[in-house]
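Participant: Predicted model and sequence follow; I will ask about them next.
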Amino acid sequence: MEYKVINENNVRYIILPELEDLGLKHCFTTKDMNMSFINNSSTEEVINDHKIAFEFMNIDPIEVFSSVQKHTNNISIIKDMNQGRKYEIGRVLDNNDGFVTNLKNIALISKYADCTPIILYDPIKKVHANIHSGWKGTLKRIGACGVSAMINNYKSNPKDIIAVLGPNICKDDFEVDIDVKDLFQSEFDFSKDIIFQKDNIKYLIDLHETNKRILLKMGLKEENISIIDISTKSNPMLHSFRRDKHKFGLMGVVTCLNY
C-alpha cells in the first residue's frame, strides 16, 4: 500500500487510502500537533489536537483508549467501555503497549516519537490492533504478540492480516552502541540483515526490517506488509526524541473501525 501526506487546515497527516477503503479509519499525526500530555503543550492544546485528528478522520468515537507505554510486549483486548481508568481523553490502561479490538466506533491511540507504530487489521474478521513498538518492545516481539492476540481472541488468519509499519527512526539514523547491537544479534537469527556497522564503535539497526521479519514469521504475507519509510529523526515534519531531546513532542497513530 502507498501512503499519502495530506494537509488539512495547515495540519499534516499520513494515511493509506487503500487501508481506508478496506474499512479501517486511521491516521498518523505529525509535528503539526502534539499528542502528549507530558511534553511541552497544555492539556487544553493536547485535547484539542486529539479532537482535530478525530475530525480529520471523520469519526466521533464513543470511547478512546490510550496507554501508559512502558516498552513492554503487553497487549490489551478491548471488550467493553469500562476497561482502564478515566483520562483527559477517554480511558487509559497502565503498563500496556498495544490494543486489539473488534468494537465499532472505539478509537485506539498509540503515541511515539522515534519508536515504530504498528497497525494490524483483519478485514475479514473486522479486528484491528494498534501497537507501540520501541526498540525494547521490538526485542520482545510485541508485533507478534499483537498477531497472536488477534488469532487467539478473534480467530484471525495471519494470511488475512494487513500490517502497516509507520514512521520511525529509520536505519540510517538509529545509531546504537555495542550493548544494544549485541541484544539484537542474540535475539534474531536474521541479525546480519538488520545490523550494520557504522564505524569502530557505533552500529545502525533497521527497526522496520526487524518488525517486518517478526510479522513474516507469524505467517503474514509479505505483500500485506506496508512500510512508511519516513525517518522521524531526519524529517522535520515529525517529532523525534533523538533530535529534539527534552523539547520533543509525541505523534499518535489513531485507528477506529467505523463500518
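Facilitator: That came through, no problem. Being a predicted model, the structure only gives us computed values, none of them experimental.

Participant: which stretches of the stretch 51-200 of the chain form strands?
Facilitator: In the stretch 51-200 of the chain, the strands defined using DSSP state E, counting those that start in this stretch lie at 63-67, 76-77, 85-86, 91-93, 98-101, 106-112, 116-122, 127-133, 162-165, 175-176, 195-197.

Participant: do you know how far the closest residue to residue 106 other than its chain neighbours is from residue 37?
Facilitator: Excluding the flanking residues, the one nearest residue 106 by Cβ to Cβ, 6 or more residues apart in numbering is residue 63, at 5.4 Å. Any C-beta I mention is one placed from the backbone N, CA and C, and that applies to glycine too. According to Cβ to Cβ, to the nearest Å, residue 63 stands 18 Å off from residue 37.

Participant: show me what contacts the residue nearest to residue 106?
Facilitator: Contact partners of residue 63, counting by Cβ atoms under 8 Å, 6 or more residues apart in numbering, are 81, 90, 91, 106, 107.

Participant: isn't the third one right next to residue 83, touching?
Facilitator: Yes: counting by Cβ atoms under 8 Å, residue 91 does reach residue 83; the two are 6.6 Å apart.

Participant: Mutual contacts of those two, please.
Facilitator: The contact sets of residue 91 and residue 83 overlap at residue 65 (Cβ under 8 Å, 6+ apart).

Participant: Out of the strands of the stretch 51-200 of the chain, which gets nearest to residue 220?
Facilitator: With Cβ to Cβ, the closest approach to residue 220 among these belongs to strand 162-165: 5.8 Å.

Participant: hey, C-alpha coordinates of that closest one in CSV?
Facilitator: C-alpha atoms of strand 162-165 as CSV (Å, rounded to 0.1, in the frame of the first residue of the first chain):
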residue,chain,number,x,y,z
ILE,A,162,-2.7,-6.4,6.8
ALA,A,163,0.2,-4.6,8.6
VAL,A,164,1.4,-1.1,8.4
LEU,A,165,4.7,-0.1,10.0
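
Participant: what's the spacing between that strand and its chain's center?
Facilitator: Relative to its parent chain, strand 162-165 has a centroid offset of 9 Å by Cα atoms, centre = their mean, to the nearest Å.

Participant: List the contacts of it.
Facilitator: With Cβ under 8 Å, 6+ apart as the criterion, strand 162-165 contacts 1, 16, 19, 22, 26, 116-123, 143, 208, 211-212, 215, 220, 224-228.
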